[in-house]
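In: sequence below, structure please.
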Amino acid sequence: MVFIRKFTICLAFIACALSNIHAHAQSASSYPSRPITVIVPFPPGGPTDSYARLVALKMQERWGQPVVVENKPGGTGILGNNLVIKAPPNGYTLLFTSNSAHLISALLKNPKPYDSVKDFTPISIALKYPMYLLINPNVPVKTVPEFIAYAKANNGKLNYSSVGLGSGGHLACELFNIAAGTNITHVPYKGAAPAQTSTIAGETQMFCDSVGNSQPMVDAGKLRGLATFSDKRVPTVENVPTLGEFGLTGLSAYIWLGLLGPPGMPVDISNKLNAEMLRIMALPDVKERVLKGGNEIVANTQEQFIKDMGQEIEFWTKIIKQKNIKED
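Out: This next block holds a predicted model:
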């Protein structure tokens with residue numbers, strides 16, 4: 001009788017396990033079968049939000065399920081990231097973010113709030129763009145060497161704006177300070193719009209931003225673009241030199257935008273999402289929009305995404321330590 005009872009329990013356990021496996025297989029093959037939420041850890045209107053909405057639209061058109069973008073700003077990405085970490089790993093809550101929010105922000109905190117690689121399921125980087133060195137047009141210089149000389153002659157008197165502490169623009173400007181030997185002071189703002197406005201108004205004299213966001217202001221004469229933090233000239237602003245052309249080497253500073261999920265996502269679902277990202281970034285209208293904005297399509301594998309993040313963490317950690325950058 002005891003044997004029969006144990007045998008029955010064993011059969012029930014096996015049946016339950018098989019049922020769970022079958023259910024998982026069904027969910028993966030039919031994914032998505034309901035709305036998907038994409039968390040963006042920034043306010044509406046910036047480049048991360050804009051491309052998240054583009055990706056969401058293309059997914060929705062492809063899969064016939066609503067893909068809703070939710071903006072969850074706070075803590076330079078920490079709030080949105082924590083929401084995704086705690087979400088069920090079923091592919092229905094995703095994160096579209098930038099390296100400034102996902103990697104750099106966490107490096108400034110002690111203890112670190114999470115592991116930017118291991119505590120997520122990296123899916124794919126969509127695109128990247130170099131930082132763009134901009135100044136207020138009333139600063140009496142036209143070139144990078146002239147600006148460096150001016151900054152040194154006005155040591156400690158110049159300021160630069162950024163979208164926030166630990167942002168890509170913040171660290172790019174500090175890279176410039178290190179290489180140029182200047183002492184331009186950081187003034188953080190809450191978002192790209194107020195940071196850009198401060199340099200246009202002359203409240204700050206320098207701003208490191210994206211080509212896509214600030215070139216219209218350059219064309220309008222409200223900002224002056226001096227150089228890009230890129231390996232080669234950006235096609236949309238071919239007249240703008242790279243910092244390397246002035247002998248400031250090792251100053252490649254890129255912002256990437258990419259898709260991640262909660263930790264422990266099923267491989268087949270993350271693979272399906274990766275394939276979808278690669279499809280979206282290869283669409284002609286998407287490619288045109290990305291390139292027109294001075295960006296570069298990446299659309300990489302999950303393995304390459306993980307490798308790239310590891311190398312980037314090592315690079316930015318050195319800069320943060322060298323400049324003693326800490327969270328306020």
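
In: tell me the domain boundaries of the chain?
Out: Split into domains by automatic domain parsing, the chain comes to 36-128+254-322, 130-246.

In: residues contacting residue 279?
Out: By CB atoms under 8 Å, 6 or more residues apart in numbering, the residues touching residue 279 are residue 62. (C-beta placed from N, C-alpha, C; glycine too.)

In: one more pass at 7 Å, please.
Out: Listed by CB atoms under 7 Å, 6 or more residues apart in numbering, the contact set of residue 279 is empty.

In: ok, now how distant is it from residue 289?
Out: Going from residue 279 to residue 289 by CB to CB, to the nearest Å gives 15 Å.

In: ditto for residue 52
Out: Note on residue 52: its distance to residue 289, by CB to CB, is 13 Å.

In: which one of those two has more residues nearby?
Out: A direct count of neighbours by other CB atoms under 10 Å for residue 52 and residue 289 places residue 52 higher, at 27 against 16.

In: in the host helix or strand of the more buried one, what counts as buried?
Out: Secondary structure assigned from DSSP states H and E places residue 52 in helix 47-63. Neighbour counts over helix 47-63 (16 or more other CB atoms under 10 Å) mark 47-56, 58-60 as buried.

In: between these, which is nearest residue 112?
Out: Checking the buried residues of helix 47-63 against residue 112 by CB to CB gives residue 48 as the nearest, at 21.5 Å.

In: is the closest one in contact with residue 98, as I believe?
Out: Yes - at 5.1 Å, residue 48 counts as touching residue 98 under the criterion of CB atoms under 7 Å.

In: what packs against the helix holding residue 52?
Out: Packing contacts for helix 47-63, counted by 3 or more CB pairs under 7 Å, 6 or more residues apart in numbering; DSSP states H and E, involve strand 36-40, strand 67-71, strand 93-98, strand 121-135, helix 267-281.

In: can I get those in JSON lines with mean pLDDT?
Out: Below are those laid out as JSON lines (pLDDT from 0 to 100):
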{"stretch": "strand 36-40", "mean pLDDT": "98"}
{"stretch": "strand 67-71", "mean pLDDT": "97"}
{"stretch": "strand 93-98", "mean pLDDT": "97"}
{"stretch": "strand 121-135", "mean pLDDT": "96"}
{"stretch": "helix 267-281", "mean pLDDT": "97"}
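
In: can you tell me which of these is nearest to residue 294?
Out: With CB to CB as the criterion, residue 294 lies closest to strand 121-135 of these, at 5.9 Å.

In: check which element follows that closest one along the chain.
Out: helix 144-153.

In: which outside residues touch that following helix?
Out: Against helix 144-153 from outside (CB under 7 Å, 6+ apart): 135, 139, 141, 158, 180, 182, 184, 226-227, 243, 246.

In: for stretch 140-158, give the mean pLDDT please.
Out: Averaged across stretch 140-158, pLDDT comes to 97.

In: distance between the ends of stretch 226-241?
Out: Start-to-end span of stretch 226-241 (CA to CA, to the nearest Å) is 7 Å.

In: give me the buried stretch members for it, please.
Out: 226-230, 233-234, 237, 240-241.

In: what is the mean pLDDT for it?
Out: Here the average pLDDT along stretch 226-241 is 93.

In: quick one: contacts of it?
Out: 130-135, 143-144, 147, 172, 211, 215, 225, 242-243, 246, 251-253, 292, 294.

In: try it again at 6 Å.
Out: Identification of contacts with stretch 226-241 by CB atoms under 6 Å, 6 or more residues apart in numbering yields 130-133, 144, 172, 211, 225, 242-243, 251-253, 294.

In: picking that back up, reformat the contacts of helix 144-153 as CSV; add distance to residue 315 and secondary structure.
Out: Shown next, in CSV, are these (distance: CB to CB, whole Å; DSSP: H, G, I helix; E, B strand; the rest coil):
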residue, distance to residue 315, secondary structure
135, 25, strand
139, 29, coil
141, 29, coil
158, 26, coil
180, 19, helix
182, 21, coil
184, 21, coil
226, 23, strand
227, 20, strand
243, 16, helix
246, 21, helix
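
In: turn those into a markdown table, including distance to residue 164.
Out: Putting the contacts of helix 144-153 into a markdown table (distance: CB to CB, whole Å) gives the following:
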| residue | distance to residue 164 |
| --- | --- |
| 135 | 20 |
| 139 | 23 |
| 141 | 27 |
| 158 | 20 |
| 180 | 23 |
| 182 | 21 |
| 184 | 17 |
| 226 | 22 |
| 227 | 23 |
| 243 | 23 |
| 246 | 28 |
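
In: quick one: which of the residues you listed is nearest residue 271?
Out: Comparing the contacts of helix 144-153 against residue 271 with CB to CB picks out residue 243 as the nearest, at 38.4 Å.

In: the helices and strands packed on helix 47-63: which one's closest to residue 318?
Out: Nearest to residue 318, of these and by CB to CB, is strand 121-135 at 17.3 Å.

In: what angle sits between the closest one and helix 144-153?
Out: Counting by axes from the mean of the first three to the mean of the last three CA atoms, to 10 degrees, strand 121-135 lies at 80 degrees to helix 144-153.
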